[in-house]
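In: this one's sequence-less:
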């Protein structure tokens, strides 16, 4: 039985694999003169954030103030970019407190957010660095055009308590060329108005091995590379042996010759398809598919004999590692066949 | 602004609405001589479980040992059915400890599970009641045929420490007639072998108002009815005003005339489609759709003008209330426009 002292379902993180993933991508960035700013939303663990920085990352990326607070609390992290429009007095007050502990930058894609940040930081000792978030095609957040980027950059520069820091984008997968053209145009416009564009921050894991040579981009943000997952295997970014996070599950029922039920359902694997068909990959069993999840049940099906027994354990690579790491209060550290102990997921479940 | 003292995203539970839902369905069961055994997986709150029992429920349903432990810890709950194949020494040991505090029954659909339970309960003071889980068409867990149900009932009856308690099924939505035929046949077979079938437990929210008159069924298990959700509105089981759980979100960006971004993403709404298109319903705005989620962003789109402003708050009815209640460590109690305070989600995030 795999890890008999652990109860299931649980989330395993192979630290040997995760650390190798971190070192490998840091080496890629180093050899391409690209700064690396990993996104900690994938692991939410201060220990891995510190490892990323120790290997050469220029700092970390967070998506929430609470994530940043959890990362900074233990020490060892000196530079944080929060890639989110932070809005509301409670959040900006926490942001200001955080800015006194760490080199901090945030983003904005509209003047309401910029003005809210300015109100909180107007009387701060040092200005808050704000990057303009740019919509280069993913149609999530971001100013709609290079001209709008230049306009917001000028506003940030004028607002008390803020400092314009550069441009940030989350480019559409497979279309980094478009993003490059967009960013070049915005950068030229902003520089023509006498402002410096110190940082151009891009990101994304599917295109991670094509991140070099993207024109104006100075730093790359990625999260999932630390654990990898089924979606990144499908994108060709890694292999199954590079997947550091797996869900350990037990077969609880084999009701027919072609289907079995495991105790990992949507409460641990999540229903995030992330472009895949089915809900994860059973390691070592390419003939199996996870075709249905309810909260505590995962249904495994096969065209041929299911060949599973009640009580047997399986390791499942999820479609999307980041969302799985968020489901339980702790993950179980392993190195190969050895358990290293539970790790509380410090930055999960926070509202702020 | 809606609930300005709360930060977003957060989960609101309107206790007036939840309590009315509980009373209304209890009245339906009472008037149809049907026992009600609500599933607490939806709310995971001891206070609401106690309210359900106080209104007349015969006991509660849980899906995990840890859920049952959390419900029993505060007192006020005396009868628990765990509708899951419980497997492994750690879990069965906790089950035995629990059986000393509360009237407990569980299910099994195979002999490995039954024998594991028997090993733990063989020397217990009182036998553990075990129901046979029946696959009446949903193809999740369950013995495959009435004959197999009778075979497993006989085994449970013979195994030390166990007592055969009856039949349990989670029938396929809209096909309760099929389930009835199946259960009648199994019941007759088991009784012909001299065993009593005390309980026949069925369940499911979509068919909740058709639960009466289902032949051999003695009790109905439902969970979602306490909060309701977008899927149950679509099934015609309730209206928007019956939805007790909503996600409070803030518009953080309006990047184009036809789309806006809120701070509720898959970490609170979840990616569970539950048969719906899109990721929830914005109350009061039938013209909006939530077409895309990433972890911290929800994208709202409209065919016409989006008509939303940065900083504005929205209440979103999720597709599936149960999985949303599991995402954060606490929900915020409200009664209409009044806040009643945060409630820790006692039974979330447990492995056992």
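Out: Structure's in. What do you need? Keep in mind that what you see is a predicted model, and the values were worked out from it rather than measured.
In: tell me the buried residues in the helix or strand harbouring residue A:98?
Out: Under the criterion of DSSP states H and E, residue A:98 resides in helix A:89-99. Judged by neighbour count using 16 or more other CB atoms under 10 Å in any protein chain shown, the buried positions of helix A:89-99 are A:91, A:92, A:94, A:95, A:96, A:98, A:99. Using the backbone N, CA and C atoms, a C-beta is placed for each residue, glycine as well.
In: quick check: residues of the stretch 1-150 of chain A near chain B?
Out: Applying CB under 8 Å from any CB of the partner chain, we find that the stretch 1-150 of chain A lies next to chain B at A:7-10, A:41, A:63-64, A:84-85, A:87-88, A:90-91, A:109-110, A:112-113, A:135, A:139-144.
In: now do the helices in chain A.
Out: Using DSSP state H, the helices assigned to chain A run over residues A:15-31, A:46-54, A:65-73, A:89-99, A:111-121, A:146-158, A:176-192, A:230-234, A:321-325.
In: can you lay out those helices as a markdown table showing mean pLDDT?
Out: As requested, those are exported to a markdown table (pLDDT from 0 to 100):
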| stretch | mean pLDDT |
| --- | --- |
| helix A:15-31 | 98 |
| helix A:46-54 | 98 |
| helix A:65-73 | 96 |
| helix A:89-99 | 97 |
| helix A:111-121 | 98 |
| helix A:146-158 | 98 |
| helix A:176-192 | 95 |
| helix A:230-234 | 97 |
| helix A:321-325 | 97 |
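In: what's the most buried one of those?
Out: Stretch with highest mean neighbour count among the helices of chain A: helix A:321-325 (a mean of 26; mean count of other CB atoms under 10 Å in any protein chain shown).
In: show me what that helix is packed up against.
Out: Secondary structure elements in contact with helix A:321-325, counted by 3 or more CB pairs under 8 Å, 6 or more residues apart in numbering or on different chains; DSSP states H and E, are strand A:245-256.
In: still on that earlier bit, sitting in strands, which of the residues of the stretch 1-150 of chain A next to chain B do you find?
Out: Using DSSP state E, A:10, A:84, A:85 are the members of those that sit in strands.
In: can you check the pLDDT for the nearest residue to the second one once chain neighbours are set aside?
Out: Using CB to CB, 6 or more residues apart in numbering or on different chains and skipping residues adjacent in sequence, the residue nearest residue A:84 is residue A:63, 5.4 Å away. With respect to pLDDT, residue A:63 scores 97.
In: for residue A:351, same thing?
Out: pLDDT, residue A:351: 80.
In: number of nearby residues for it?
Out: 21 (other CB atoms under 10 Å in any protein chain shown).
In: contacts only, for it.
Out: Residue A:351 is in contact with A:66, B:7, B:8, B:9, B:10, B:328, counting by CB atoms under 8 Å, 6 or more residues apart in numbering or on different chains.
In: rerun that using 6 Å as the cut-off
Out: By CB atoms under 6 Å, 6 or more residues apart in numbering or on different chains, the contact list for residue A:351 reads B:7, B:10.
In: tell me the backbone dihedrals of it, please.
Out: phi -80, psi -40 (degrees, to the nearest 10).
In: quick one: it from residue B:9, how far?
Out: Counting by CB to CB, to the nearest Å, the gap from residue A:351 to residue B:9 is 7 Å.
In: before we move on, back to that, now, which of the ones in strands among the residues of the stretch 1-150 of chain A next to chain B sits nearest chain B?
Out: residue A:85 (4.2 Å; CB to the nearest CB).
In: show me what contacts that closest one?
Out: Taking CB under 6 Å, 6+ apart as the criterion, residue A:85 is in contact with A:108, A:113, B:252, B:253.
In: sweet, I'm off.
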